[in-house]
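A.B. asks: Sequence plus the predicted model coming up.
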Amino acid sequence: MNVDAVPQEGNATLGGHRKLMYARDASGHTVTVGSRGWEVEEIVTAHAVDALVAQAEGARARVLGGQASPLEYWMYERRMDVALLSQTSGFWQWRVRRHLKPRGFAALSSGQLARYADALGLSIPQLQRLP
């Protein structure tokens with residue numbers, strides 16, 4: 001993309017900030033250029049956020065119904081999936097899936113709860129209940 005083609009339409013999801021993009025200048029060198037984003041990016045981001053909110057609300061209903069642990073709700077509320085929670089907490093993915101179930105979550109030690117709480121930016125008491 002050339003410097004003059006870097007999108008500057010604006011993107012409300014950036015909150016007035018600019019993001020850095022790479023482009024070619026007139027002499028063919030790669031340079032960095034600030035971008036205000038573009039409308040297509042804003043639409044796609046809004047749809048992705050809406051899907052994540054729906055996942056979190058679905059998880060909330062499953063927790064209230066006794067089918068899932070609060071960990072599932074917090075995972076989606078923090079915009080994570082099993083793979084990302086596994087990576088940030090240090091648990092294998094199969095263990096994370098087990099802990100998403102009420103029985104598996106109830107069996108967690110305080111150290112394991114602390115790992116999840118740290119990965120999600122919560123305290124242990126917050127992790128153990130819905131907001």
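C.D. replies: In hand now; what should we look at?
A.B. asks: Show me what the lengthiest helix in the chain is packed against.
C.D. replies: In the chain, taking DSSP state H as the definition, the longest helix is helix 39-64. Packing partners of helix 39-64 (3 or more C-beta pairs under 8 Å, 6 or more residues apart in numbering; DSSP states H and E): helix 70-77. (Glycine included, C-beta is placed from N, CA and C.)
A.B. asks: Heading C-terminal from the helix it packs on, find the next helix or strand.
C.D. replies: helix 82-89 (DSSP states H and E).
A.B. asks: what's the nearest residue to Glu41 if we skip its chain neighbours?
C.D. replies: Leaving aside its sequence neighbours, Glu41 sits nearest to Asn11 (C-beta to C-beta, 6 or more residues apart in numbering; 5.4 Å).
A.B. asks: Let me know the pLDDT of that neighbour.
C.D. replies: In this model, Asn11 is scored at 75, pLDDT.
A.B. asks: And for it, the neighbour number?
C.D. replies: Asn11 has 23 neighbours, counted by other C-beta atoms under 10 Å.
A.B. asks: Next up, the contacts around it.
C.D. replies: Arg36, Gly37, Trp38, Glu39, Glu41, Glu42, Thr45 (C-beta atoms under 8 Å, 6 or more residues apart in numbering).
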